[in-house]
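Peer 1: Make a model of this:
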Amino acid sequence: MTDQEKEERLKKRREVYKVKNSSRDLTRKQKRCAHERDRYASMQPDQKRARIEKSGANRALRCNSAGNESIALENPAYVAEDLTSVSPSIMVTRQRKPVTAGERHALRIRQNNKFMEKRRTSNSGTSTEDVSMIEGDTNH
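Peer 2: I've put the predicted structure just below:
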């Protein structure tokens, strides 16, 4: 195959590629984005402002709420303010305080120890009964 034949073949391939890509239909996502752009362009300024504020409020709400996979713990060192002396108009919403890794680890250990201690104390009476029942069964 000569160089000239190779060039002709490549030229035909390029033309087919151009035709193929130029006639490609828009995907669903592209159509949806185009529709959203048109809809946003036809909005009034106050509608646009309200939409922007709504998205900001939703973002703030997502930041303040824990997700399904979250292992967030409350910080025990956080001291809640006495809100009875504050007027209701100045009420402050309580936000999550960050817990350092060391505190989180200490809290988990403490909670696990409490849980295990609770299990030991609640099961101690039944475990002795179980042992006596087993000993009684072996004597028969």
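Peer 1: Tell me the spacing between Lys31 and Arg37.
Peer 2: Computed with CB to CB, to the nearest Å, the distance linking Lys31 and Arg37 is 11 Å. To be clear about C-beta, it is placed using only N, CA and C from the backbone, and glycine gets the same treatment.
Peer 1: Show me where the chain has its helices.
Peer 2: With DSSP state H as the criterion, the chain has helices at 3-22, 28-41, 45-64, 101-139.
Peer 1: Mind pulling up the pLDDT for Met133?
Peer 2: Among the per-residue scores, Met133 shows a pLDDT of 50.
Peer 1: Ok, Gly67 next?
Peer 2: What the model reports for Gly67 is a pLDDT of 72.
Peer 1: next one: the one 10 residues further on
Peer 2: According to the predicted model, the pLDDT of Ala77 comes to 74.
Peer 1: That one and Gly102 touch, don't they?
Peer 2: No - between Ala77 and Gly102 no contact is recorded; they are 11.7 Å apart, counting by CB atoms under 8 Å.
Peer 1: For Val99, which non-adjacent residue is closest in space?
Peer 2: Take Val99 and drop its neighbours on the chain: the residue closest to it by CB to CB, 6 or more residues apart in numbering is Asn75, 4.9 Å away.
Peer 1: and the one you found, what does it touch?
Peer 2: The contact partners of Asn75, taken as CB atoms under 8 Å, 6 or more residues apart in numbering, are 97-99, 103.
Peer 1: how many other residues sit next to Leu107?
Peer 2: Using other CB atoms under 10 Å, Leu107 has 15 neighbouring residues.
Peer 1: Also Thr27?
Peer 2: Neighbours of Thr27 using other CB under 10 Å come to 9.
Peer 1: Same question for the one 10 residues further on.
Peer 2: Burial measure for Arg37: 10 neighbouring residues, criterion other CB under 10 Å.
Peer 1: Show the model's pLDDT score for it.
Peer 2: At Arg37, the predicted lDDT confidence score is 91.
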